[in-house]
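> turn this into a model:
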Amino acid sequence: MTDNGSSRIDTPTNISLSPSDAVSESLEYQAVSVFLVLLVCAAGIVGNIMVVLVVLTARHMRTPTNCYLVSLAVADLTVLVAAGLPNVSDGLTGTWVFGHAGCLGITYLQYLGINVSSCSITAFTVERYIAICHPMKAQTVCTVSRAKRIIAVVWIFTCVYCMLWFFLVDIQVSQDGHVQCGYKVKRELYLPIYLIDFAIFYVIPLLLAIVLYGLIARVLYLSPLPNRCDTSTTTLRRSCREASEAGKGGRRARPNSALSSRKQVTKMLAVVVILFALLWMPYRTLVLINSFVSTPYLDAWFLLFCRTCIYANSAINPVIYNAMSQKFRSAFHGLYHCQRPEGNQRTLSMAQTGFGSIRDPRASNSNGTNENVRRDLLNTATDMTTKQNGSGHQETEAANGKKADHPTDIDPATSFGLGPAETTPSSDEEVVLTSLKDTTVHSADRLTTVGEHVNL
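Numbering: from 1, shown residues only. Below is the predicted model of the structure:
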């Protein structure tokens, strides 16, 4: 190939470009292309905007994993806007209408969104590995502030790296006057650049994800430790401690529930990685093959399929969150009804979601009050027991023929329904027992309130 236009056709890497042949100019192809791209891009833009909004507006959604998902959503929005929408205009008009500046800026944003998506997926994969396989280290490593710093580094690095595309693209005019945004370098010069990009932002992240998710699966499925309180969240540690104290009570199921939630979150993120690999594979494979063969494969319908897979990858993540995460589903529902999802989710147990924990500062005060109430109850019960033992001793002496020095009081055990039915307590004992019963009920109510506040 001798001219720049031919060079562009040999290397169809810009995902906003369309092949220049008779099929791509047909009415049928243009109608299908515009309809599919508009449908996928519209759904993806709305879904990713909702992901960003629910994480930014709901405090309980601000977790390290969700921070990486916000970064992924913004990157997907960039791909949909910079690649999908120009492709629609190109399909309708048959020519490039954004000029030289648009060619540079749109191509730059396309690869920026693609590369940041890959880096964000790698980041939350590493975060999940540390949180599950090294929970003690996760308490200091997997934090929201650290996640924000990592995301900032990812975006800065990718912005600098993608500046290379400013020097690789330009407006191309074919012999028939067809204007396109294409590459101004030959395929031989572009090949090393593409291979580096292909390795850094596709091959390496996928290999790393395979290894890390294999290690995560070994911990969650092959050697689960439901009795270990080794999670990074405070609420889950408290649930484990309460499970051991409660014996065979209902709270013993809490660690198992937390383990199930961790599995659910890991499955959701693994599905995101798998779909990223599958939906990008047709286009990556096509460009890789066309970079080495003398006659590139440029079937119009196959190129449309490859581009649609790319747009679908950027649009499908919010659907995955809604389908596999109850927390995201409730947040989306609250956002749809113009409500604050934080209020509806505050009563949910963070041990069941695996994303974080909610504390109420009043819990510590309530716990102090409950300790005082419990101590009073214990002292009262001790006094009643002492009185009961003394009365029982007097009755024993009377049965042996010994005359008591003082009249025997009514056995306090009868006031609890443990003595004969005809025996009734005195008025003083009724006051003590009524006070004890009221205090017990009040303490139970306070404990219930504390349980609601700290999400037991």
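
> what's the helix or strand harbouring residue 38 packed up against?
Taking DSSP states H and E as the definition, residue 38 sits inside helix 27-57. When contacts are defined as 3 or more Cβ pairs under 8 Å, 6 or more residues apart in numbering; DSSP states H and E, helix 27-57 packs onto helix 64-79, helix 85-93, helix 300-324, helix 326-336, helix 341-345. Backbone N, C-alpha and C define where each C-beta goes, glycine included.

> using PDB, list the CA coordinates for the fourth one.
The reference is to helix 326-336. What follows is helix 326-336, C-alpha atoms only, in PDB (Å, rounded to 0.1, in the frame of the first residue of the first chain):
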ATOM      1  CA  GLN A 326     -29.000  -6.700  45.900                       C
ATOM      2  CA  LYS A 327     -27.200  -3.600  47.200                       C
ATOM      3  CA  PHE A 328     -26.900  -2.100  43.800                       C
ATOM      4  CA  ARG A 329     -30.400  -3.200  42.900                       C
ATOM      5  CA  SER A 330     -31.900  -1.400  45.900                       C
ATOM      6  CA  ALA A 331     -29.800   1.700  45.200                       C
ATOM      7  CA  PHE A 332     -31.000   1.800  41.600                       C
ATOM      8  CA  HIS A 333     -34.600   1.400  42.700                       C
ATOM      9  CA  GLY A 334     -34.200   4.200  45.200                       C
ATOM     10  CA  LEU A 335     -32.600   6.400  42.500                       C
ATOM     11  CA  TYR A 336     -35.400   5.600  40.100                       C
END
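
> need the contact list for residue 312.
By Cβ atoms under 8 Å, 6 or more residues apart in numbering, the contact set of residue 312 is 40, 44, 279.

> got the phi and psi for residue 173?
Main-chain dihedrals, residue 173, degrees, to the nearest 10: phi -120, psi 120.

> any idea what it is bridged to?
residue 179 (DSSP bridges).

> so what's the residue count around it?
The number of residues packed near residue 173 is 15, by other Cβ atoms under 10 Å.

> that one contacts residue 179, doesn't it?
Yes - with contact defined as Cβ atoms under 8 Å, residue 173 counts as touching residue 179 (5.5 Å).

> can you give me the distance of residue 192 to residue 108?
According to Cβ to Cβ, to the nearest Å, residue 192 and residue 108 sit 19 Å apart.

> between those two, which one's more packed in?
For residue 192 versus residue 108, neighbours defined as other Cβ under 10 Å are more numerous around residue 108 (19 against 9).

> worst average pLDDT in the helices and strands packed on helix 27-57?
Comparing the helices and strands packed on helix 27-57 by mean pLDDT, the weakest confidence falls on helix 341-345, with a mean of 44.

> average pLDDT for stretch 171-184, rounded please.
In this model, stretch 171-184 has a mean pLDDT of 81.

> could you pull out the strands for the stretch 151-300 of the chain?
169-173, 179-183 (DSSP state E, counting those that start in this stretch).

> sorry, back to before: tell me which of the helices and strands packed on helix 27-57 sits most buried.
Mean neighbour count (mean count of other Cβ atoms under 10 Å) peaks for helix 64-79 among the helices and strands packed on helix 27-57, with a mean of 24.

> what angle do it and helix 300-324 make?
For helix 64-79 against helix 300-324, the angle by axes from the mean of the first three to the mean of the last three Cα atoms, to 10 degrees is 150 degrees.

> show me what helix 64-79 is packed up against.
helix 27-57, helix 99-133, helix 144-161, helix 253-290, helix 300-324.

> now the ones you listed as TSV including distance to residue 82?
Output for the helices and strands packed on helix 64-79, formatted as TSV (distance: least, Cβ to Cβ, whole Å):
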stretch	distance to residue 82
helix 27-57	11
helix 99-133	4
helix 144-161	14
helix 253-290	16
helix 300-324	11
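
> wait, which of these is closest to residue 63?
helix 144-161 (6.8 Å; Cβ to Cβ).

> show residues contacting that closest one.
Under Cβ under 8 Å, 6+ apart, the answer for helix 144-161 is 62-64, 67-68, 71, 112, 115-116, 119-120, 123, 127.

> closest one to residue 184 out of those residues, please.
Of all the contacts of helix 144-161, residue 112 has the smallest distance to residue 184: 19.6 Å, by Cβ to Cβ.
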